[in-house]
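In: coords below, sequence missing:
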């Protein structure tokens, strides 16, 4: 039986009726009755399909001249009668119909991002003319609205979840100057996006990211040092998991470990959906010096083709003294999540320290949906 809380129900008949009413108030020629017929088609569609359906419906009811429609859209956005996902069809409309009208579209996205998000709407514009978009975004670096400043980084990420890839940025990063201007932002909300953006870049240009962060660390005024340390830690997470030597050095950890792992225990060897996978182990220093260690664990899930896809999770970053023993214990829920599909088979658990695998254990997962 399908859950009433399914993502697709964020776009429902009430949203269709509300959109019709709000647009009618700003555009008297908007045919409410015709637009609301779209309700009959909602059940057969998932979330993105519903958004596209309403976007097409808006295109039918609004003027073909985007410059005229842009004024209507801006009025609707600034009235603030629509919230959250109710604004998604407007975002999609801009990305589909506004690419030939740069100034009007950028202005609309500026207002839209303050209430919902424009990080997906801006992607086609970055594909078409990245230099022009980056130049325009640069004029909003000091904007008083935190959502606008965050959008500058988030919307231009090379590999934005749900937003597709900007191939030109993957091939040749062009956003470092933009991130430079945002790195001292007072809002963690903005700095977190900067870190995620750098993490994206690190997947194809690891040395550039390490070099950039090293410079930021060395040149940051004392008042901003903790901000850069936070960005550094989160931006290097993928490189740390891979054991990248430059990233490890920048984090103050060594890649030549003097550690041993013992006492590994797994609560059981066979699991089913809804169980909790619990494990524990002991790390002991075998060296003479204090060592900074970054401890993670990875779960290798069987894919539909039988191969393993490993996701790394954080455990702890700490310093360990000579001969010191540290006990670790973790519980990981195997509950169903909408973004992943489980498959039966032999899965894997591994313990990583400073990017190196110290322990691998197999476990069986039986899935019966």
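Out: Received it, and whenever you're ready, just let me know what you need. None of these values were measured; they are calculated from a predicted model.

In: going by C-alpha atoms from here, please, whenever you check contacts or count neighbours.
Out: Noted.

In: residue 264 sits in which helix or strand?
Out: Element membership for residue 264, per DSSP states H and E: strand 259-266.

In: neighbouring strands - and their directions - for that strand?
Out: strand 276-285 (antiparallel) (DSSP bridges).

In: contacting residues for residue 158?
Out: Neighbouring residues of residue 158 by CA atoms under 8 Å, 6 or more residues apart in numbering: 165-167, 169-170, 197, 200-201.

In: you'd agree residue 340 is in a helix?
Out: No: assessed with DSSP: H, G, I helix; E, B strand; the rest coil, residue 340 is coil; it does not lie in a helix.

In: just the buried ones from the contacts of residue 158?
Out: Among the contacts of residue 158, those that count as buried by neighbour count (16 or more other CA atoms under 10 Å) are 165-166, 169-170, 197, 200-201.

In: between those, which is nearest residue 68?
Out: Lowest distance from residue 68 to these (CA to CA) belongs to residue 166, with 29.6 Å.

In: helices of the stretch 1-150 of the chain, start to end?
Out: All helices of the stretch 1-150 of the chain, identified by DSSP state H, counting those that start in this stretch, fall at 13-26, 32-36, 47-61, 66-79, 88-97, 102-112, 123-128, 130-137, 146-154.

In: so which bits of stretch 97-110 are buried?
Out: Quick answer for stretch 97-110 (16+ other CA under 10 Å): 98-99, 104-106, 108-110.

In: okay, now the unreliable bits of the protein?
Out: For the chain, the stretches with pLDDT under 70 are 1-5, 338-339, 369.

In: grab the most central residue of it for me.
Out: residue 161 (5.1 Å; CA atoms, centre = their mean).

In: which pair of the contacts of residue 158 spans the longest distance?
Out: Most distant of the contacts of residue 158, by CA to CA, are 167 and 197, 14.4 Å apart.

In: can you pull the contacts of the residue of the chain most remote from its centre?
Out: Centroid-distance maximum for the chain: residue 288 at 40.5 Å, with CA atoms, centre = their mean. Residue 288 sits next to 321-323 when contact means CA under 8 Å, 6+ apart.

In: circling back to that earlier point, now the contacts of residue 158 in CSV, with secondary structure and distance to residue 155?
Out: Below are these laid out as CSV (DSSP: H, G, I helix; E, B strand; the rest coil; distance: CA to CA, whole Å):
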residue, secondary structure, distance to residue 155
165, strand, 11
166, coil, 10
167, helix, 14
169, helix, 12
170, helix, 14
197, helix, 9
200, helix, 12
201, helix, 14
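
In: nearest to residue 126, of the residues you listed?
Out: residue 166 (7.3 Å).

In: the residue nearest to residue 289 when sequence neighbours are not counted: how many residues sit nearby?
Out: Counting by CA to CA, 6 or more residues apart in numbering, residue 289 lies nearest to residue 322, which is 5.7 Å off, once chain neighbours are set aside. For residue 322, the number of neighbouring residues by other CA atoms under 10 Å comes to 15.

In: right, and residue 322 touches residue 290 too?
Out: Yes: counting by CA atoms under 8 Å, residue 322 touches residue 290, with 6.1 Å between them.

In: then residue 313 would be within a strand, right?
Out: Yes: counting by three-state DSSP, residue 313 is part of a strand.

In: number of nearby residues for it?
Out: Residue 313: 15 neighbours (other CA under 10 Å).

In: tell me how far it lies from residue 43.
Out: Residue 313 is 37 Å from residue 43, where distance means CA to CA, to the nearest Å.

In: the closest residue to residue 342 other than its chain neighbours: what's it in contact with?
Out: Once flanking residues are discounted, residue 342 sits nearest to residue 367: 6.7 Å by CA to CA, 6+ apart. Counting by CA under 8 Å, 6+ apart, residue 367 makes contact with 272-273, 342-344.

In: can you do 10 Å?
Out: Contact analysis of residue 367 by CA atoms under 10 Å, 6 or more residues apart in numbering lists 271-274, 341-345.

In: got the contact list for the residue lying closest to residue 162 once chain neighbours are set aside?
Out: In space, and not counting its chain neighbours, residue 162 is closest to residue 120: 8.0 Å by CA to CA, 6+ apart. Counting by CA under 10 Å, 6+ apart, residue 120 makes contact with 88, 91-92, 94-95, 109, 151, 154-156, 160-164.

In: just the buried members of these?
Out: Using 16+ other CA under 10 Å, the buried ones in the contacts of residue 120 are 88, 91-92, 94-95, 109, 151, 154-156, 160, 163.

In: ok, residue 64 touching residue 93?
Out: No: judged on CA atoms under 10 Å, residue 64 makes no contact with residue 93 at a distance of 11.9 Å.

In: which one's more surrounded, those two?
Out: A direct count of neighbours by other CA under 10 Å for residue 64 and residue 93 places residue 93 higher, at 19 against 11.

In: residue 40: what's it in contact with?
Out: Residue 40 touches residue 13, counting by CA under 10 Å, 6+ apart.

In: roughly how far does residue 344 sit from residue 298?
Out: 18 Å.

In: quick one, what contacts the spatially closest residue to residue 189 that is not a sequence neighbour?
Out: Distance criterion CA to CA, 6+ apart; nearest residue to residue 189, sequence neighbours excluded, is residue 150 at 6.9 Å. By CA under 10 Å, 6+ apart, the contact list for residue 150 reads 113-114, 117, 119, 141, 182, 185, 187-194.
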